[in-house]
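Enquirer: heads up, no residue letters with this:
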DNA sequence: TGGCTGCTTGGCCATATAGCCAAATTATTC
DNA sequence: GAATAATTTGGCTATATGGCCAAGCAGCCA
């Protein structure tokens, strides 16, 4: 009962982290290899601070992880199974 | 480019619909068979109007569909592949 | 028709989120 | 140490969302 409630809550946190087009764009990009916030900022086209906050949201849920290399930071996807979500959705939406 | 933006946006809408513990609870219940809003209201324990609005969110994204039978309404899960999401998350969370 | 039940919609408030700019932080290079 | 570049954090505002209550609508039965 309470366990279920907790589990649903934690799962919902993950979905919430995925529930933004810029963050999906980030995940899509990271599925093809590591990337810096700077590069992602160019890709997405919003302010660097905005992108950084999106990355923080994904980090907080363990979806991505960062690695410092000198003055740069590289992010990588920790939860590749989320890519399967896209297939599921595409199936229903009939797109892609 | 623009297509990608659109696709990410529509996918994000789906994730947004899934990003609430009560709605995940609904999906979990519907994965075991049809159910009325009344039953779901008892299960979740919030106001009937709140549950109805959650169902509207899921309906709008094509995740569930309703069927009228006299004065009652039965909801069913249209997107069973979302259940796979739970496995993915559990895998990472190590729970369940 | 009138009343009942089941469900949805409208209205309102409290809270959360996304975005920008500005400022702080960390590492590099001169 | 100062200047620069990359990233993050703080602060603010605008918008979206969730929740309740109250009201509306649809089907059923007396």
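Expert: Received it, and whenever you're ready, just let me know what you need. Predicted, not measured: the structure shown is a model, and the values here were computed from it.
Enquirer: am I right that residue A:77 is in contact with residue A:59?
Expert: No: here residue A:77 does not reach residue A:59: they are 11.5 Å apart, not a contact under C-beta atoms under 8 Å. Backbone N, C-alpha and C define where each C-beta goes, glycine included.
Enquirer: so between these two, which is more surrounded?
Expert: Neighbours per residue (other C-beta atoms under 10 Å in any protein chain shown) separate residue A:77 from residue A:59, with residue A:77 holding more: 22 against 15.
Enquirer: the top helix by length along chain A versus helix B:2-18: what angle between them?
Expert: Determined from DSSP state H, the single longest helix within chain A is helix A:2-18. With axes from the mean of the first three to the mean of the last three C-alpha atoms, to 10 degrees applied, the angle from helix A:2-18 to helix B:2-18 works out at 160 degrees.
Enquirer: what does helix A:2-18 rub up against?
Expert: Helix A:2-18 has contacts (C-beta atoms under 8 Å, 6 or more residues apart in numbering or on different chains) with A:23-24, A:27, A:57-58, A:60-61, A:63, A:82, A:85, B:12, B:15-16, B:18-25, B:28, B:85-86, B:89, B:93, B:95-96.
Enquirer: buried set for that helix?
Expert: If you call a residue buried by 16 or more other C-beta atoms under 10 Å in any protein chain shown, then helix A:2-18 has these buried ones: A:7, A:8, A:10, A:11, A:12, A:13, A:14, A:15, A:16, A:17, A:18.
Enquirer: which of the residues you listed lies closest to residue A:72?
Expert: residue A:17 (23.5 Å; C-beta to C-beta).
Enquirer: now that closest one: closest residue in space that isn't a chain neighbour?
Expert: residue A:61 (4.3 Å; C-beta to C-beta, 6 or more residues apart in numbering or on different chains).
Enquirer: re the thing from before, what subset of the contacts of helix A:2-18 is also close to DNA strand D?
Expert: With C-beta under 7 Å from any atom of the strand as the criterion, the members of these in contact with DNA strand D are B:16, B:19, B:20, B:22.
Enquirer: closest to residue A:68 out of those residues?
Expert: Nearest member of those to residue A:68, counting by C-beta to C-beta, is residue B:19, at 30.4 Å.
Enquirer: surely the closest one and residue A:19 touch.
Expert: Yes: the pair residue B:19 / residue A:19 is scored as a contact, 4.7 Å apart, by C-beta under 8 Å.
Enquirer: and the buried residues of helix A:2-18, which two are furthest apart?
Expert: Of all pairs drawn from these, the one with the longest distance (C-beta to C-beta) is A:7 and A:18, at 17.1 Å.
Enquirer: how about the contacts made by the residue nearest to residue A:17?
Expert: With C-beta under 8 Å, 6+ apart, residue A:61 has these contacts: A:13, A:14, A:17.
Enquirer: rerun that using 10 Å as the cut-off
Expert: For residue A:61, the contacting residues are A:10, A:13, A:14, A:15, A:16, A:17, A:18, A:78, A:79, B:89, B:92, B:93, by C-beta atoms under 10 Å, 6 or more residues apart in numbering or on different chains.
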